[in-house]
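>>> sequence first, then the predicted structure:
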Amino acid sequence: NAGVMQNPRHLVRRRGQEARLRCSPMKGHSHVYWYRQLPEEGLKFMVYLQKENIIDESGMPKERFSAEFPKEGPSILRIQQVVRGDSAAYFCASSPQREINEQYFGPGTRLTVT
Amino acid sequence: GENVEQHPSTLSVQEGDSAVIKCTYSDSASNYFPWYKQELGKRPQLIIDIRSNVGEKKDQRIAVTLNKTAKHFSLHITETQPEDSAVYFCAATSNTGKLIFGQGTTLQVKP
């Protein structure tokens, strides 16, 4: 759905740099999910957040990755010391309430690590 | 653990024919099953979904069926058109609300 915004759309980082990906959910949505899609593969869950809370981070790598969804502003997925294996499309999705579960995806950020 | 299997991985049909994609899931607590269509370089787009209290749902040329006992659900596209060509993903919810996706089916509709 066009209402979920992500930026940047494309991001190029050198190995060892940091990547910051932003996601603004649809208006009225308070639940944000991050998914990663490697080239030619499916979508893998990373983390589920509500405002100021991490609900489920079972898909997040233990090191270098972190996510937040502050009271004000977008949700941010942060990758420190990027490696080539981090190159992927990162999608966020938002939903209005967990019971509904209807998740609408943003356009994604395509991260390339050189 | 939570898992969704999707078949086939590729499907080629002639325009006007029907296409069927099947998924099975492992988590008996799953109660919501969406289908997404993803065109090359684009975002996944929700095309239809079904909840566990319903056995079948239809929206124009697209229908989804759910068999909770067998833990499988299917997407049916009738009268396929070239613009239906895309990658289709099934998914099932976990108890925390996250979606577990199948591996995807690349559908090619030949004119």
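Now that the structure is in, tell me what you want to look at. For clarity, every value in this text was computed on a predicted model and none was experimentally measured. Residues are numbered from 1 along each chain as shown, chains lettered A, B, ... in the order given.

>>> contacts, neighbours, all on C-alpha from now
Fine.

>>> what about the residue nearest the centre of chain A, which helix or strand?
Taking C-alpha atoms, centre = their mean as the criterion, A:W34 is the residue nearest the geometric centre of chain A, at 3.7 Å. With secondary structure defined by DSSP states H and E, A:W34 is part of strand A:31-37.

>>> picking that back up, tell me the pLDDT at the residue nearest to the centre of chain A?
With respect to pLDDT, A:W34 scores 97.

>>> same thing with the one 3 residues further on?
According to the prediction, A:Q37 has pLDDT 96.

>>> next one: A:S75
A:S75 carries a pLDDT value of 97.

>>> and it, how far from chain B?
Distance of A:S75 to chain B, computed by C-alpha to the nearest C-alpha, to the nearest Å: 16 Å.

>>> list the residues that contact the closest residue to that residue other than its chain neighbours.
With C-alpha to C-alpha, 6 or more residues apart in numbering or on different chains as the measure, A:F69 is the residue that lies nearest to A:S75, at 4.2 Å, once sequence neighbours are left out. For A:F69, the set of contacting residues under the criterion of C-alpha atoms under 8 Å, 6 or more residues apart in numbering or on different chains consists of A:49-53, A:75-76.

>>> would you write a PyMOL line that selects the buried entries of those residues?
Those of the contacts of A:F69 that meet the burial criterion (16 or more other C-alpha atoms under 10 Å in any protein chain shown) are gathered into one PyMOL selection, given here:
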select buried, chain A and resi 49+50+51+75+76
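
>>> and the contacts of A:F69, which is closest to chain B?
Within those, the smallest distance to chain B is 10.2 Å, found for A:L49 (C-alpha to the nearest C-alpha).
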